[in-house]
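Undergrad: Model the structure of this input:
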Amino acid sequence: MTDKQLFGDQFNADSWQAWRTLLAGFEGLPLDNDELALWETLTGRTQAPDAPADELWLVVGRRGGKSQQAAVLAVREACFRDHAAKLSPGEVATVLVISADRKQARTVFRYVSGLFHSNPMLERLIVREDKESIELSNRTVIEIGTASFRSTRGYTLAAVICDEVAFWRSDESANPDAEIINALRPALATLNGKLIALSSPYAKRGELWNAYRRYFGQQSQILVAKAPSKLMNPTLPDKVIEQAKERDLAAAMAEYEAEFRNDIQSFIDVNLLNQLTRSEPATLPPDRRHRYKAFVDPSGGGADGFALCIGHREQSGRIVIDLVTERIRTNPAQVVEEYAGILYQYNGLKMVTGDRYAGEWVANEFKRNGINYQYSEMNRSELYLEMLQMLNAGRVELPPDDRLIHQFQNLERRTSRSGRDTIDHPPGLHDDRANAAAGLAVTLAAKPPLMPAPRWE
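TA: Residues are numbered from 1 along each chain as shown. Sure, this is the predicted structure:
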C-alpha cells in the first residue's frame, strides 16, 4: 500500500493509516509505537502480532473503505502468493468474492479490476477478463459469487472475501452465513487460504457477531477488528453521520459507529418451532369431522408470495395448520381462482381472512370466485405477537414446511424508542407463509370452542 510501484499513489495518504496498520498486523508485519496504539484501538489486542492471521473479520461502518481494502487483499492473495506446487494439472487457485447478490459483489470486483488496470506490471498478468472473473497467468482466478452454500462448493480457494456478511439472507435458511462459512473452510484448507469477512454490523447474531464476541481482543489466529467509519475514513463528512443519527439513531449507530444493534432481536426460538412441527405429512387432507378456516397473505405478483393457510381447531383448543401453500410471480387473479378451488376441497369452505392489501381488489376477486373475503382486525405485528403466546403455550401444530419454519426463524422484533414492538422480516426477505400461518392461528383461536361438524352422508 506504500510501494509506489504498486498502490502507493492510491493508499499512501494519512487517511489510509488505520487500514495500513490493520492489514500490516493481519500479515504479521512489525508495527511502530504509533501503529501499535492504533492496532490496540482497532483489535482490542495489547500485543503486536508475531505471525500472519488465518482469518480476518472486519466490523467497520459504512463508507469506511471496506470494499476497496477487500480488493487490495484479493489482489495480494492472487498475485503475490505462488500456489502452483499444490495444484493438480488443470486446477486453478481461486480468490472468491462473495456478496449477498451479484450486484453487490461487482462493487468489490470493479475495485479489483481497477487495481489491475491502474498498474502495468499487474495488468500484464491478466490472461482473460469478463464481468465476473479475472484469470491470471499464474494459475489464479479472481471470481465473484453469491451467498449460497451450494454455489461455493467445488473450489480450491486461495482466499475468500465475504462482503457484508452480516446481511446475507435467504428464505431457504435461517443461518445462511454459518452454512456458507462452513462450506468455505474446507475449500481453503488445501492452499492454506485466508478467510476475510467484512461488514457493517447488524443484530447481535450470526457469524460476524459470533466472531466478534469470541475473538475481539483475544490473541488468536482469527483476527477481529472493529472501527467506526470516521476512524477508517477520516475524509467522511461529519454532517453525513449527524444527519443519519437525526433520522434514525439506532440504525446510524450500526451503520457509522459500527455498534451492533440492541433494538433488534430474534422473535421465535428455533427449538420451540421444531417441537411444534409435526413429522409428516406436509399437508393434511380434508376431513369431514373438522370445520376449517383459512387466511391469505396476498401479493401483486412480484417477488412477494401469495400465501394461503388452511387449518382447524380441535376440541382441546389446539390449533392445527393443515395446509400452507404459496405462489410467487404468478398472475394474482389466477392464484385467487386456484385458491378458491383448494378452499372448496376443505368441506366447501367459502370464507377466507386476510389483510387490506390492494384495497378492495383482493376481496372482490375472491367474491367473483364464490369466496367471502373477511378483513383481519389485527396488523402483521399484532398477529405475530398473539401467535407467539400460542406457540409458547404449545397450542399450535405446524406443518413440516421448511420455508415456513425459516420465515418464522428470520422474523425480527424491533423495539422503538417509545417501547413499541414491531415484528417483521429482515430487509430482502419475505414472511408471506409465516404471516398467513399467524393470521390463521389467531383467527382460529378467536372463535369459541367448536362442536364437531355434522357428518356428511
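
Undergrad: Give the burial count for E365, as a bare number.
TA: The local packing count at E365 equals 20, with neighbours defined by other Cβ atoms under 10 Å. Placement of C-beta: from N, CA and C, glycine included.

Undergrad: Need the contact partners of the longest helix seen in the chain.
TA: The residue-count maximum for a helix in the chain (DSSP state H) belongs to helix 102-117. Contact with helix 102-117 is made by 7, 67-68, 70-72, 74-75, 97-99, 122-123, 125-126, 129, 131-132, 134, 142, 144-146, 161, 163-164, as judged by Cβ atoms under 8 Å, 6 or more residues apart in numbering.

Undergrad: just how off-centre is it within its chain?
TA: 22 Å (Cα atoms, centre = their mean, to the nearest Å).

Undergrad: Please work out the average pLDDT along that helix.
TA: When pLDDT is averaged along helix 102-117, the result is 86.

Undergrad: Also stretch 196-204?
TA: Here stretch 196-204 scores 92 as its mean pLDDT.

Undergrad: List the buried residues for it?
TA: Neighbour-count burial for stretch 196-204, with 16 or more other Cβ atoms under 10 Å as criterion, is recorded at 196-204.

Undergrad: which one of those sits closest to Q17?
TA: Of all the buried residues of stretch 196-204, Q17 sits closest to L198, with 18.2 Å by Cβ to Cβ.

Undergrad: Confirm that the closest one sits in a helix.
TA: No. Following the definition DSSP: H, G, I helix; E, B strand; the rest coil, L198 is strand and is not counted among the residues of a helix.

Undergrad: Report the separation between it and Q104.
TA: Applying Cβ to Cβ, to the nearest Å, the value for L198 to Q104 is 12 Å.

Undergrad: how about the nearest residue to I405, chain neighbours excluded?
TA: L273 (5.4 Å; Cβ to Cβ, 6 or more residues apart in numbering).

Undergrad: Tell me the spacing between that neighbour and Q389.
TA: If you go by Cβ to Cβ, the gap between L273 and Q389 works out to 15 Å.

Undergrad: residues contacting the residue nearest to I405?
TA: Counting by Cβ under 8 Å, 6+ apart, the residues that L273 touches are 391, 398, 405, 408-409.

Undergrad: repeat that for 10 Å
TA: For L273, the set of contacting residues under the criterion of Cβ atoms under 10 Å, 6 or more residues apart in numbering consists of 174, 391, 396, 398, 404-406, 408-409.

Undergrad: What subset of the residues you listed is buried?
TA: A residue is treated as buried here by neighbour count (16+ other Cβ under 10 Å); on that basis the buried members of these are 174, 391, 396, 398, 404-406, 408-409.

Undergrad: I would like a PyMOL command selecting only the buried ones among the contacts of helix 102-117, please.
TA: Buried residues within the contacts of helix 102-117, as defined by 16+ other Cβ under 10 Å, are selected in PyMOL through the command that follows:
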select buried, resi 7+67+68+70+71+72+74+75+97+98+99+122+125+134+142+144+145+146+161+163+164
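
Undergrad: Just the contacts of helix 102-117: which are in strands?
TA: Taking DSSP state E as the definition of strands, these contribute 97-99, 126, 129, 134, 142, 144-146, 161, 163.

Undergrad: residues in contact with W168?
TA: Residues 98-101, 146-148, 162, 175-181, 199, 206-208, 428 are the ones in contact with W168 under the rule Cβ under 10 Å, 6+ apart.

Undergrad: quick one: pLDDT of it?
TA: pLDDT recorded at W168 is 86.

Undergrad: For the residue nearest to it when sequence neighbours are not counted, give me its contacts.
TA: Spatial nearest neighbour of W168, chain neighbours left out: A147 (4.2 Å); criterion: Cβ to Cβ, 6+ apart. A147 makes contact with 98-101, 104-105, 162-165, 167-170, 176-177, 179-180 under the criterion Cβ under 10 Å, 6+ apart.

Undergrad: Can you lay out the ones in strands among the contacts of helix 102-117 as JSON lines showing pLDDT and distance to A53?
TA: Supplementary listing: these in JSON lines, determined by pLDDT from 0 to 100; distance: Cβ to Cβ, whole Å:
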{"residue": "V97", "pLDDT": "90", "distance to A53": "19"}
{"residue": "I98", "pLDDT": "90", "distance to A53": "19"}
{"residue": "S99", "pLDDT": "86", "distance to A53": "22"}
{"residue": "I126", "pLDDT": "94", "distance to A53": "29"}
{"residue": "E129", "pLDDT": "91", "distance to A53": "30"}
{"residue": "I134", "pLDDT": "93", "distance to A53": "25"}
{"residue": "I142", "pLDDT": "94", "distance to A53": "21"}
{"residue": "I144", "pLDDT": "86", "distance to A53": "24"}
{"residue": "G145", "pLDDT": "83", "distance to A53": "23"}
{"residue": "T146", "pLDDT": "81", "distance to A53": "26"}
{"residue": "I161", "pLDDT": "93", "distance to A53": "15"}
{"residue": "D163", "pLDDT": "90", "distance to A53": "19"}
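
Undergrad: Nearest the middle, which residue of this protein would you pick?
TA: Averaging the C-alpha coordinates of the chain gives a centre point, and the residue nearest to it by Cα atoms, centre = their mean is R169 (2.2 Å).

Undergrad: I figured it hits H425, correct?
TA: Yes. Proximity of R169 to H425 meets the contact threshold set by Cβ atoms under 10 Å, at 8.9 Å.

Undergrad: intersection of neighbour lists for the two?
TA: Taking Cβ under 10 Å, 6+ apart as the contact rule, the neighbours common to R169 and H425 are N410.

Undergrad: For D431, list the residues it contacts.
TA: D431 makes contact with 171, 297, 304-305, 307, 380, 384, 404, 406-408, 410-412, 423-425, 437-438, according to Cβ under 10 Å, 6+ apart.

Undergrad: Please read the previous query as pertaining to L223.
TA: Listed by Cβ under 10 Å, 6+ apart, the contact set of L223 reads 22, 25-26, 42-43, 45, 49, 52-58, 196, 211, 215-216.
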